[in-house]
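S.K.: Predicted coordinates and the sequence they were generated for:
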Amino acid sequence: MTASIERLVTSGTFELDGGSWDVDNNIWLVGDDTDVVVFDAAHSAAPIIEAVNGRNVVAVVCTHGHNDHVTVAPELGKALDAPVLLHPGDDVLWRMTHPDNDFRPVEDGLTLTVGGVELRALHTPGHSPGSVCWYSPDLTAVFSGDTLFNGGPGATGRSYSDFDTILGSLSDKLGKLPYETVVYTGHGDTTTIGDEMPHYYEWMTRGH
């Protein structure tokens with residue numbers, strides 16, 4: 001079977017800087033009938049385990065360390081006998097939710113293989129210091145976390161984020177991907193690099 005992309009949505013809260021917001025999170029499962037990678041461990045473990053449906057989990061990948069993306073990461077890692085991956089730039093955010101649990105560090109350029117396709121880590125700081133997008137040329141897909149959405153870059157108005165940095169990540173990393181690449185976002189609808197990057201200079205002038 002050729003690798004496919006499955007979407008699961010869970011609901012909960014995002015908490016940072018003393019605030020709390022209700023959010024719906026996309027969880028992406030990439031793989032085939034045997035092996036799968038889980039992108040983000042949002043809110044509730046049970047529906048994710050159900051979606052995995054007994055397959056071997058190559059990794060539970062956290063695109064960044066905000067609590068709504070790592071809520072049940074240690075629980076999932078243990079239940080699914082899988083490593084939890086996160087860029088060490090987000091250790092401070094991870095510790096806010098999981099002070100007593102560790103993760104396996106991700107570096108720019110790290111690759112995972114699942115279902116015969118390659119997934120490559122692109123370190124894209126800005127929304128958070130350790131934000132990572134995962135690009136699959138085989139699937140013409142990038143899993144962007146909260147770095148790029150349908151409508152523009154992720155938010156940079158809270159602690160450990162920076163607008164100029166996220167713009168640099170978009171121009172230097174995501175903007176160099178083929179325009180037909182589908183962007184599988186951390187929240188909301190998918191988009192494409194070609195639909196978003198032509199608006200780069202508009203983002204620069206209006207801020208975010």
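M.R.: On my side now, so go ahead. Being a predicted model, the structure only gives us computed values, none of them experimental.

S.K.: Now do the helix or strand of the chain with the lowest mean pLDDT: everything it contacts.
M.R.: Every helix and strand in the chain was compared by mean pLDDT, DSSP states H and E; the lowest is helix 200-206, with a mean of 90. Residues from elsewhere that reach helix 200-206 (C-beta atoms under 8 Å, 6 or more residues apart in numbering): Gly152, Pro153, Leu167, Leu170, Ser171, Gly175. In this view, the C-beta of every residue, glycine as well, is placed from N, C-alpha and C.

S.K.: for it, which positions count as buried?
M.R.: Using 16 or more other C-beta atoms under 10 Å as the test for burial, helix 200-206 gives Trp203.

S.K.: For the contacts of helix 200-206, pick the one with the most neighbours.
M.R.: Among the contacts of helix 200-206, Leu170 has the most neighbours (other C-beta atoms under 10 Å), with 26 neighbours.

S.K.: For it, which three-state class applies?
M.R.: For Leu170, the assignment made with DSSP: H, G, I helix; E, B strand; the rest coil gives helix.

S.K.: per-residue confidence for it?
M.R.: For Leu170, the model assigns a pLDDT of 98.

S.K.: How about Gly207?
M.R.: 62.

S.K.: Also Val114?
M.R.: pLDDT at Val114 comes out at 98.

S.K.: How many residues are close by it?
M.R.: 22.

S.K.: and if you look at Thr192?
M.R.: 18.

S.K.: So it is in contact with Tyr184, correct?
M.R.: No. Assessed by C-beta atoms under 8 Å, Thr192 is found out of contact with Tyr184, at 10.5 Å.

S.K.: Surely Pro47 and Gly12 touch.
M.R.: No. Under the criterion of C-beta under 8 Å, Pro47 makes no contact with Gly12, lying 11.6 Å away.

S.K.: and which of the contacts of helix 200-206 is nearest His69?
M.R.: Pro153 (16.5 Å; C-beta to C-beta).

S.K.: The closest one and Asp162: what is the separation?
M.R.: According to C-beta to C-beta, to the nearest Å, Pro153 and Asp162 sit 11 Å apart.

S.K.: same question, Gly145
M.R.: 16 Å.

S.K.: So for these two, which sits in the more crowded spot?
M.R.: Gly145 (29 against 15).

S.K.: Quickly list what the more buried one is bridged to.
M.R.: When bridges are called by DSSP bridges, Gly145 pairs up with Thr185.
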